[in-house]
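Undergrad: can't give you the sequence, but here's the structure:
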């Protein structure tokens with residue numbers, strides 16, 4: 001029976017923005033938004049989170065990362081444009097596609113589906129239209145004044161991975177490390193810092209192929225709670241033995257109740273990630 005790794009992360013609360021305008025010549029930098037019920041929430045794409053994970057791999061395992069980014073030239077480069085999931089961690093985790101035709105116009109596309117699935121990150125708080133203004137230095141023109149939509153909020157997202165679907169299953173542990181170290185996501189790219197690390201996290205290691213733990217966290221006053229997760233454990237839909245919960249949620253009544261139900265609850269996120277890596281029994285690659 002296959003083992004699956006799921007994790008739902010809620011970040012710290014900070015001011016998010018986006019440094020891309022609506023188009024060439026635009027002076028308005030907009031946030032991506034979705035409607036949920038009667039409110040709008042801001043969202044960060046799964047691709048942006050993948051970029052942060054890839055940056056972690058480049059910084060820690062550069063020789064085993066195929067696609068790397070050079071901030072000085074603002075360009076990507078590949079070690080092997082034919083890709084290799086056996087050789088490169090990012091090709092194994094994120095997949096790839098090289099669409100092309102052969103010499104006889106046949107489909108010669110090379111592709112691999114990404115094993116690591118990442119959801120969009122959704123803000124915990126509704127967006128009420130906050131905008132900040134700025135101006136470039138020196139001589140001013142009609143486009144000197146620019147405005148930026150900003151949102152003071154935390155984001156929630158989920159990852160899913162079946163380790164045995166990787167060419168090297170032991171690479172699943174690197175995903176857990178990346179979750180705790182992701183950086184350049186959600187805050188005006190490199191210009192404004194946004195702390196995208198986990199403030200609280202729930203990790204589920206199970207033979208159940210369905211995550212069940214998406215959207216676990218909810219804003220509760222000035223803090224964060226997890227009433228849906230608590231209910232899932234209470235009614236037996238998710239076994240307490242499959243869960244590791246950590247972060248500031250551990251200091252709330254939800255953390256205390258989950259602990260009484262048998263969930264492994266840690267105050268420290270890094271301690272929880274270390275425990276998950278111990279629990280994750282992955283078959284070794286050949």
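TA: Thanks, I have the structure now. Note that this is a predicted model, so its numbers are computed, not measured.
Undergrad: three-state assignment of residue 48?
TA: Reduced to three states with DSSP: H, G, I helix; E, B strand; the rest coil, the structure at residue 48 is helix.
Undergrad: residues touching the nearest residue in space to it that is not next to it in sequence, list them.
TA: Nearest residue to residue 48, sequence neighbours excluded (C-beta to C-beta, 6 or more residues apart in numbering): residue 185, at 5.3 Å. To be clear about C-beta, it is placed using only N, CA and C from the backbone, and glycine gets the same treatment. Residue 185 makes contact with 44, 48, 49, 51, 52, 121, 194, 196 under the criterion C-beta atoms under 8 Å, 6 or more residues apart in numbering.
Undergrad: element containing the fourth one, please.
TA: By that I understand residue 51. Assigned by DSSP states H and E, residue 51 belongs to helix 46-60.
Undergrad: mind giving me the packing neighbours of that helix?
TA: Where contact means 3 or more C-beta pairs under 8 Å, 6 or more residues apart in numbering; DSSP states H and E, helix 46-60 is packed against strand 67-70, helix 89-94, strand 117-118, helix 172-179.
Undergrad: would you mind finding the most buried of the ones you listed?
TA: Of all the helices and strands packed on helix 46-60, helix 89-94 carries the top mean neighbour count, a mean of 24, counting by mean count of other C-beta atoms under 10 Å.
Undergrad: I'd like to know which elements the following helix or strand past it is packed against.
TA: Downstream of helix 89-94, the next assigned helix or strand under DSSP H and E is strand 96-98. On a contact count with 3+ C-beta pairs under 8 Å, 6+ apart, strand 96-98 meets strand 110-112.
Undergrad: report the rounded mean pLDDT for the strand it packs on.
TA: The average pLDDT for strand 110-112 rounds to 88.
Undergrad: which residues sit against that strand?
TA: Here strand 110-112 has contacts from 82, 83, 85, 91, 95, 96, 97, 98, 99, 100, using C-beta under 8 Å, 6+ apart.
Undergrad: what's the answer for stretch 74-90, then?
TA: With contact meaning C-beta under 8 Å, 6+ apart, stretch 74-90 is reached by 54, 57, 61, 64-70, 91-92, 95-96, 98, 110, 112, 166-168, 171, 174.
Undergrad: now residue 41, what are its backbone angles?
TA: As for residue 41, its main-chain torsions (degrees, to the nearest 10) stand at phi -120, psi 150.
Undergrad: wait, residue 149 touches residue 128, no?
TA: No: counting by C-beta atoms under 8 Å, residue 128 is not a contact partner of residue 149; they are 10.7 Å apart.
Undergrad: can you pull up the most central residue in the chain?
TA: Compute the mean C-alpha point of the chain, and by C-alpha atoms, centre = their mean the closest residue is residue 49, 4.3 Å away.
Undergrad: that one and residue 195, how far apart?
TA: Using C-beta to C-beta, to the nearest Å, residue 49 is found at 14 Å from residue 195.
Undergrad: nothing else from me, thank you.
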